[in-house]
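# give me the fold of what follows.
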Amino acid sequence: MIVRMTSAVARGLLVATLILTPALVLPGLGSDSTQIVLLVALLAAVLTFTEYNSVFPSIVEFRDAAPFNRLRFISLFATVFMLSAILRGLSDPTLMTNAMTSLGMIVGNAIDFPYSPVRLVVLMLPVDSSPETVSFVRTAAGLSYMVSLIAMTAFLVLVRILNWPSRSGAFNVWVNLPLFDPTAGGDVLERLQRDARINIALGFLLPFLVPAVVKLAADLLDPITLQNPQTLIWTISAWAFLPASIIMRGIAMGKIADMIEEKRKRTYAEAASESGLQAALS
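This is a model prediction of the structure:
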């Protein structure tokens with residue numbers, strides 16, 4: 001119980017730190033914005049603590065299948081921190097911010113080709129956007145997209161080479177997939193395989209769909225500018241993180257479906273061998 005509570009407290013503090021990162025890194029934020037960020041960070045920390053301190057799962061998937069959630073958290077934290085550092089470097093440049101900006105510009109320019117996700121993000125900006133805004137969005141999109149690709153590659157290596165999640169012991173479907181009801185109807189294996197394909201397809205399409213939706217809703221939403229630094233950071237971070245997270249979820253569910261299929265094959269083979277042995281003895 002003490003270990004579980006300590007782990008839940010640590011996770012809650014890490015989530016709060018993630019939400020507070022832009023406010024801590026960026027200079028000159030108003031008191032109203034700071035209070036709202038503190039409130040959101042406190043709420044997220046309490047929810048995370050409640051989820052991980054509970055014996056019974058509720059929302060968070062793959063809670064006991066490390067390092068799935070850890071990898072997602074690290075990728076999101078790295079994205080938010082680097083974008084915050086780059087944005088701070090516009091007014092207070094340092095060696096670290098200059099290095100991150102240079103890396104982001106190289107990646108962003110390399111990926112910024114026609115119909116690429118980065119090009120679509122740049123095109124969703126208003127026509128009268130300043131050159132600084134366009135340059136930052138291209139740099140931020142390239143850097144965040146690179147982090148998401150690294151996270152997906154690392155998870156694919158964990159699944160295909162390091163045999164996740166079997167290497168961490170028995171996999172409990174109920175604990176790690178609380179939102180998946182095995183008794184909802186239909187074959188569990190087919191449902192997992194279908195959900196895996198849907199998640200992978202949706203994750204692949206989201207980086208292309210989100211900029212188009214934002215562009216169509218430009219009359220209803222505030223345009224993305226450097227005047228709203230935290231909104232800009234979270235928008236770009238969500239654009240890169242959510243598709244990668246959904247694809248990782250699809251890969252994980254596909255792996256679980258493969259494990260169930262292998263288990264069934266072994267069970268059927270053992271049953272067939274036992275029946276054959278009994279027939280031979282009789």
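# export stretch 101-110 as PDB, just CAs?
In PDB, the C-alpha atoms belonging to stretch 101-110 read as follows (Å, rounded to 0.1, in the frame of the first residue of the first chain):
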ATOM      1  CA  THR A 101      16.000  25.900 -32.500                       C
ATOM      2  CA  SER A 102      18.700  24.900 -34.900                       C
ATOM      3  CA  LEU A 103      17.700  21.200 -34.600                       C
ATOM      4  CA  GLY A 104      14.000  22.100 -35.100                       C
ATOM      5  CA  MET A 105      14.700  24.200 -38.100                       C
ATOM      6  CA  ILE A 106      16.700  21.500 -39.800                       C
ATOM      7  CA  VAL A 107      14.000  18.900 -39.200                       C
ATOM      8  CA  GLY A 108      11.200  21.200 -40.000                       C
ATOM      9  CA  ASN A 109      12.700  22.300 -43.300                       C
ATOM     10  CA  ALA A 110      13.500  18.700 -44.200                       C
END
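# secondary structure class for the nearest residue to Phe68 once chain neighbours are set aside?
Distance criterion C-beta to C-beta, 6 or more residues apart in numbering; nearest residue to Phe68, sequence neighbours excluded, is Phe62 at 4.1 Å. For the C-beta atoms, the positions are set from N, CA and C on the backbone; glycine is no exception. Under DSSP: H, G, I helix; E, B strand; the rest coil, the three-state class of Phe62 is coil.
# can you pull up the most central residue in the protein?
The structure's the chain has its C-alpha centroid closest to Ser245; by C-alpha atoms, centre = their mean the separation is 3.3 Å.
# in this structure Gly254 contacts Gln193, no?
Yes - with contact defined as C-beta atoms under 8 Å, Gly254 counts as touching Gln193 (6.8 Å).
# which parts of stretch 96-107 are buried?
97, 100-101, 103-105, 107 (16 or more other C-beta atoms under 10 Å).
# biggest separation within those residues, which pair?
Thr97 and Val107 (15.8 Å; C-beta to C-beta).
# still on that earlier bit, would TSV of the buried residues of stretch 96-107 with distance to Leu202 and secondary structure be doable?
Shown next, in TSV, are the buried residues of stretch 96-107 (distance: C-beta to C-beta, whole Å; DSSP: H, G, I helix; E, B strand; the rest coil):
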residue	distance to Leu202	secondary structure
Thr97	34	helix
Met100	30	helix
Thr101	32	helix
Leu103	29	helix
Gly104	26	helix
Met105	30	helix
Val107	24	helix
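# got any ranges where this protein has weak pLDDT?
The chain contains residues with pLDDT under 70 at 29-31, 167-169, 217-227, 277-282.
# the stretch 1-150 of the chain: helices as residue ranges?
Listed in chain order, the helices of the stretch 1-150 of the chain (DSSP state H, counting those that start in this stretch) span 2-25, 31-53, 68-89, 95-111, 117-123, 131-160.
# just checking, what packs against the helix ranked longest in the chain?
Taking DSSP state H as the criterion, the chain has its longest helix at helix 229-281. With contacts defined as 3 or more C-beta pairs under 8 Å, 6 or more residues apart in numbering; DSSP states H and E, the packing partners of helix 229-281 are helix 2-25, helix 68-89, helix 131-160, helix 188-216.
# what does stretch 98-112 rub up against?
82, 85-86, 89, 117-119, 122, 135, 138-143, 145-146 (C-beta atoms under 8 Å, 6 or more residues apart in numbering).
# can you check stretch 20-33 too?
Counting by C-beta under 8 Å, 6+ apart, 34, 37-38, 41, 77, 80-81, 83-85, 87-88, 91-92, 229-230, 233-234 sit against stretch 20-33.
# got a PyMOL select line for the buried ones in those?
Here is the PyMOL command that selects the buried residues among the contacts of stretch 20-33 (16+ other C-beta under 10 Å):
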select buried, resi 37+41+77+80+81+83+84+85+87+88+229+230+233+234
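# quick check, Phe136 in contact with Leu90.
Yes - counting by C-beta under 8 Å, Phe136 touches Leu90, with 7.3 Å between them.
# the two: which has the busier surroundings?
Phe136 (26 against 14; other C-beta atoms under 10 Å).
# look up the closest residue to Ile74, ignoring the ones flanking it.
Ala151 is the one closest to Ile74 (C-beta to C-beta, 6+ apart), at 7.5 Å.
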